[in-house]
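S.K.: sequence and predicted structure below; questions after.
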Amino acid sequence: MLKETRNVQYPSIEYAGRLSRRVWTSVSRLFPEHLTARVNALFKLIRPGRVMMVSLLTWVSANVAGVAPTDVWLITLGGMFLAMTGFAVDMYTDREADKQGARAWPTNPISAAMMGQAAARRWIIFFVLAGISLCWATYPFTLVPATGLLITYWGLAAGVFDGPIGRAVTLGLLQAWYVLLAAAATGTITVLMMLVASVFLAAMFGARAAADIRDLPSDALTDTRNLAKVYGIRTASWILPIAITIAAAISLYIYSWGVFDRDYLIWTSLGFGLGLIMAWSFPFRPTPNYAFILGLPFWGTGILYMLALFLGSR
C-alpha cells in the first residue's frame, strides 16, 4: 500500500490551502489578533462549509416534507448545531492520530495546538444542548432521528463503527439522518422521505471511497483502516461510480411516483448526469489529488439535486 502512495503530490490541495490562508490573513487584519486566532480555531473545528451544506439539506428536506414555515427554520438551526457537534467530535476523536500523520485537508485545530482539548469539549457540549433544544422546540418526535445522529457520532468516536465499511456506511447514514430529522418535524416520516434519505446514503457511501483515497498518504502513517488501505486503491475507486449509479437510480424511481413535477426530473438529470460522468472517470485516475479536485464539483451536484427536490415539490 505504501508503494501505491509513494511520491504522491497534492498540487490542488496546496493551492486551496494557500488561497484560504491568504483570504484569512486579509480578513484577520481587520480584527484583534487574539480574537481572530480563536475564530480561526473554531471554524476549523466545525468546518463551516460542511455545516452550510448540512443546514441546506435540512432546510430543503423540511420544505419537501411540508413542515410549517416557522418550524422549517427551527429544525434547520437544530440540524446546524447537530452538524457542528459531529464535525467537532470528529476532530476531537482524531486529535492523536492527526499528530502522527497530519491531515492534508482540513487542519485539525486541536492537533495543531490552535485550541485546547478542554475548550473543544465545552464547544461540543454547547452544540449538543443547542441542537437538542431546538429540535424539541420544533417537534418532540424530531428527537428520534436526533438521537440516531448522536448515537452515530458516539459510535464513530468510540470505534464501534471503526473499519472501512462502517466508516462508509455511517457517512451516508449521517446525511440520511438529516433528511429524516427534517421530515420528523411534521410528526411522521413518510416512505417518500425515506427514499430521499436513501439517495443521500448511497451517494455519500461512494464519496467515502473517494475521500479515503484522498486521505491515503496521511492515513498510511496512522492506524486508520479505510477502504483504500484495506481493499486497495483500484478496488476502492470503483465504489464511487457504483454508489452514484445506485443513488441516481433511486432518484429516478422517486420521480416515477408522480409526487414531483418535471422540474425535479430536469434538475435531477443535470445533477446526476454530471455526477455520473465524474464518478465513472475516477477509477481511471484514482489518485489523491484527483479525488480532492472532484470534491467541490460533487458538492455542486449535491446542490443541484437539492434544487431538484425544492423546485419539484413547489
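M.R.: Yep, it's here. Remember, it's a predicted structure, so these values are computed and weren't measured experimentally. Numbering: from 1, shown residues only.

S.K.: pick out the residue closest to the middle of the protein.
M.R.: Centroid check for the chain by CA atoms, centre = their mean gives Arg50 as the closest residue, at 5.9 Å.

S.K.: and it, how close does it get to Ala68?
M.R.: Counting by CB to CB, to the nearest Å, the gap from Arg50 to Ala68 is 27 Å. Glycine gets a C-beta too; all of them are placed from N, C-alpha and C.

S.K.: same check on Phe161?
M.R.: Distance from Phe161 to Ala68, by CB to CB: 35 Å.

S.K.: rewinding a little: show the contacting residues for the residue nearest to the centre of the chain.
M.R.: Ala83, Phe87 (CB atoms under 8 Å, 6 or more residues apart in numbering).

S.K.: element containing it?
M.R.: Here Arg50 sits within helix 48-65, counting by DSSP states H and E.

S.K.: now do the helix or strand just after that helix: which elements does it pack against?
M.R.: Sequence-wise, the next helix or strand downstream of helix 48-65 (DSSP H and E) is helix 69-93. In terms of contacts (3 or more CB pairs under 8 Å, 6 or more residues apart in numbering; DSSP states H and E), helix 69-93 is packed against helix 33-46, helix 48-65, helix 117-138, helix 143-158, helix 164-183.

S.K.: just the buried residues of the longest one, please?
M.R.: Buried residues in helix 117-138, defined by neighbour count with 16 or more other CB atoms under 10 Å: Ala119, Ala120, Trp123, Ile124, Phe127, Val128, Ala130, Gly131, Ile132, Leu134, Cys135, Thr138.

S.K.: Thr190 against Ala183, yeah?
M.R.: Yes: counting by CB atoms under 8 Å, Ala183 is a contact partner of Thr190 at 6.8 Å.

S.K.: returning to that earlier point: got the angle for the helix holding Arg50 vs helix 164-183?
M.R.: 50 degrees (axes from the mean of the first three to the mean of the last three CA atoms, to 10 degrees).

S.K.: quick check: angle from helix 48-65 to helix 69-93?
M.R.: Going by the same axes, to 10 degrees, helix 48-65 makes 150 degrees with helix 69-93.

S.K.: dump helix 48-65 to CSV, keeping only the CA atoms.
M.R.: In CSV, the C-alpha atoms belonging to helix 48-65 read as follows (Å, rounded to 0.1, in the frame of the first residue of the first chain):
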residue,chain,number,x,y,z
PRO,A,48,-18.4,25.8,8.3
GLY,A,49,-18.6,24.8,4.6
ARG,A,50,-19.8,21.3,5.5
VAL,A,51,-22.1,22.8,8.1
MET,A,52,-23.7,25.0,5.5
MET,A,53,-24.3,22.0,3.2
VAL,A,54,-25.9,20.0,6.0
SER,A,55,-28.1,23.0,7.0
LEU,A,56,-29.2,23.4,3.4
LEU,A,57,-30.1,19.7,3.2
THR,A,58,-32.1,20.0,6.4
TRP,A,59,-33.9,23.1,5.1
VAL,A,60,-34.7,21.6,1.7
SER,A,61,-35.9,18.3,3.3
ALA,A,62,-38.2,20.3,5.7
ASN,A,63,-39.8,22.1,2.8
VAL,A,64,-40.3,18.9,0.8
ALA,A,65,-41.8,17.2,3.8
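
S.K.: pretty sure Val72 sits against Ala65.
M.R.: No: using CB under 8 Å, Val72 makes no contact with Ala65, being 9.3 Å away.

S.K.: what's the overlap in contacts for those two?
M.R.: Ala185.

S.K.: more neighbours: which of Phe161 and Ala68?
M.R.: Under the criterion of other CB atoms under 10 Å, the comparison of Phe161 against Ala68 puts Phe161 first, with 18 against 14.

S.K.: give me every residue that touches that one.
M.R.: Thr152, Gly155, Arg167, Val169, Thr170.

S.K.: I'd like to know which of those are buried.
M.R.: For the contacts of Phe161, buried by 16+ other CB under 10 Å: Thr152, Arg167, Val169, Thr170.

S.K.: related to what we said a few turns ago, and which of the contacts of Phe161 is nearest to Val259?
M.R.: Val169 (27.1 Å; CB to CB).

S.K.: can you tell me the closest non-neighbouring residue to the closest one?
M.R.: Nearest in space to Val169, with sequence neighbours left out and distances taken as CB to CB, 6 or more residues apart in numbering, is Phe205 at 6.5 Å.

S.K.: the host helix or strand of the one you found packs against which elements?
M.R.: Assigned by DSSP H and E, Phe205 falls within helix 191-214. With contacts taken as 3+ CB pairs under 8 Å, 6+ apart, helix 191-214 sits against helix 48-65, helix 164-183, helix 227-231, helix 233-237, helix 239-255, helix 288-312.

S.K.: so for Val72, what's the nearest residue that isn't a sequence neighbour?
M.R.: Val72 sits nearest to Ala62 (CB to CB, 6+ apart), 4.4 Å away.

S.K.: that should have said Ile132, apologies.
M.R.: Ala146 is the one closest to Ile132 (CB to CB, 6+ apart), at 6.3 Å.
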